[in-house]
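>>> Give me coordinates for this.
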Amino acid sequence: MATSSSKPTGKDVARIAGVSQSTVSRVLNETGIELISEETIKRVRAAATKMGYVPNPFARALRGKETQLIGLVVREMADPFFASLISEISIQASHLGYRVVLAPAHSDPDEALKATTTLYTQHTDGVIFLGDLRDDEPAIRKILQEHRAVVTMCRGSKLQDVLTINTDSRRGIHLLLDHLTGLGHRRFAFLDGGWLGDIHERRSTFVDYLRDAEPAILQARVESANNDAEGGYRAMKSLLESSHHPTAVLASDDIMAIGAIKAVFDSGLDVPADVSITGFDDIELARYLHPALTTVEQPVRDMSAQALQLLLDAVKGEVPETRVMQVEPKLVVRESTGPPPGGDPLSN
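Next comes the predicted model:
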C-alpha cells in the first residue's frame, strides 16, 4: 500500500483493483479499452479515485511515448467565438482519449513563444494555435523543429506550409453582400477590425466584390477600428456623422456588430429601418440581441473535428499535400437586416 507520505502509483492502483498495471494505464488514459469489461473499468477508476491517483503524462513523454495531451495556444480566451471553439475542441478531444492543455497568449506573440517552452505545451503530442498573432511564426516554427505536430485555426492563409483550418471568409462575405444587394442596398461600409488574417480576407473580399459590382453601387467605405465592441461603436458613430451614411454595414465580426448596433440606436436611428448591420461568426449572443443579428455562421463543430483529425494524423506522420483547408460557412438571416430606407435605393 502507498504510505500517507508518498504519492500513489499505477502499481498501487493495480494491486487494489486486482488487475495488471497495463490495464490501469489503458483505463485511466482511455486508450484501447474496447476489450476491457465495464466492471473492470469501474473497479480501476474507483481504486484510482479512492487513492487520489492521477496518471503522469510528463513521465510518458520522458519515455518517448504519446502523452495523450494536446496543447491549445489561444490568442484571446475572452473572445466569445474562441470560447466556443475551446469548449468544442476540449469535448471532442476528450471523446478521442485526449486532454487539452490551455496556453493563453493574451494577444501577445511573446506569450505564444513562451508557451512553447513551458509545461503548457512542451510535453504535448501536438499543438493547435487558435487565432493569429502579428509575430507568432517563430513560436510555430519552434514546435515544428521539435518534430511535433502543429495545426492553426482561424488565421487566414499567410502560412501556406502549415496545416490550417479556416472558414471560407470570402464565401461568407459573398453570402452577406448577395443578401444585402438583393434587399436593394447600394451604399455600403465595412467595419475593419485590423490586420488579423481572417479579417484581412473579409475586408479584401468586400472591396473586390463592390469594385466589380453593377454601376448602381453608390458607395463602398472601409472604416478601421479596434476589433472589439467599442471599436464597432466608434466606427459606426463616425459613419453616421458623414453626410451620406451607408444603409448597410458589414462588421468584421459579431462583437464589432454589437457595438455598431448600439451606436445606431444611440444616434436616434433604427436597425434595420435606417441601417442594416451584419456580423461574422454567429456567436451565441447574436440570436438574443435586439434586433437579432444577421451573420455568417462558422461551423465550430466541423472545424474542431477537422483540426483534431489533422493534428492526430500529423502526430503519426500523416500530413496531406494541401495544407490550408476551408470549411463552408452558412448565412444566418435574422432581424438586423432589411430593405434600405425610402424603398428605392437610388433615391436615398
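>>> so what's Ala257 up against?
Leu191, Gly232, Ala251, Ile277, Thr278, Gly279, Phe280, Ala286, Leu293, Thr295, Ser336 (Cβ atoms under 8 Å, 6 or more residues apart in numbering). For glycine as for every other residue, the C-beta is placed from the backbone atoms N, C-alpha and C.
>>> repeat that with 10 Å
191, 229, 232, 236, 249-251, 271, 277-281, 283, 286, 289, 293-295, 336 (Cβ atoms under 10 Å, 6 or more residues apart in numbering).
>>> Among those, name the ones in strands.
Using DSSP state E, the members of the contacts of Ala257 that fall in strands are Leu191, Val249, Leu250, Ala251, Ile277, Thr278, Thr295.
>>> any chance you could map the helices in the stretch 1-150 of the chain?
Remark: helices assigned in the stretch 1-150 of the chain by DSSP state H, counting those that start in this stretch are 10-17, 21-28, 38-51, 57-62, 80-95, 109-115, 137-145.
>>> Distance to Pro341 added to these, as CSV?
Formatted as CSV, the helices of the stretch 1-150 of the chain follow (distance: least, Cβ to Cβ, whole Å):
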stretch, distance to Pro341
helix 10-17, 70
helix 21-28, 63
helix 38-51, 63
helix 57-62, 60
helix 80-95, 31
helix 109-115, 44
helix 137-145, 46
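>>> helices and strands around the helix or strand containing Arg171, which ones?
Arg171 belongs to helix 169-183 when assigned by DSSP states H and E. For helix 169-183, the helices and strands in contact under the criterion 3 or more Cβ pairs under 10 Å, 6 or more residues apart in numbering; DSSP states H and E are strand 187-192, helix 197-211, strand 248-251, strand 276-278, strand 295-297, strand 324-327, strand 330-332.
>>> quick one, which of those is nearest to Leu102?
Closest approach to Leu102 among the helices and strands packed on helix 169-183 (Cβ to Cβ): helix 197-211, 21.0 Å.
>>> The helix or strand following that closest one pairs with which strands?
Heading C-terminal from helix 197-211, the first helix or strand you meet, by DSSP H and E, is strand 219-224. Here strand 219-224 is paired, per DSSP bridges, with strand 187-192 (parallel).
>>> quick check: mean pLDDT across the partner strand?
Mean pLDDT, computed over strand 187-192, is 96.
>>> Same check on stretch 45-52?
For stretch 45-52, mean pLDDT is 84.
>>> can you pull the buried residues of it?
By 16 or more other Cβ atoms under 10 Å, the buried positions in stretch 45-52 come out as Ala47, Ala48, Met51.
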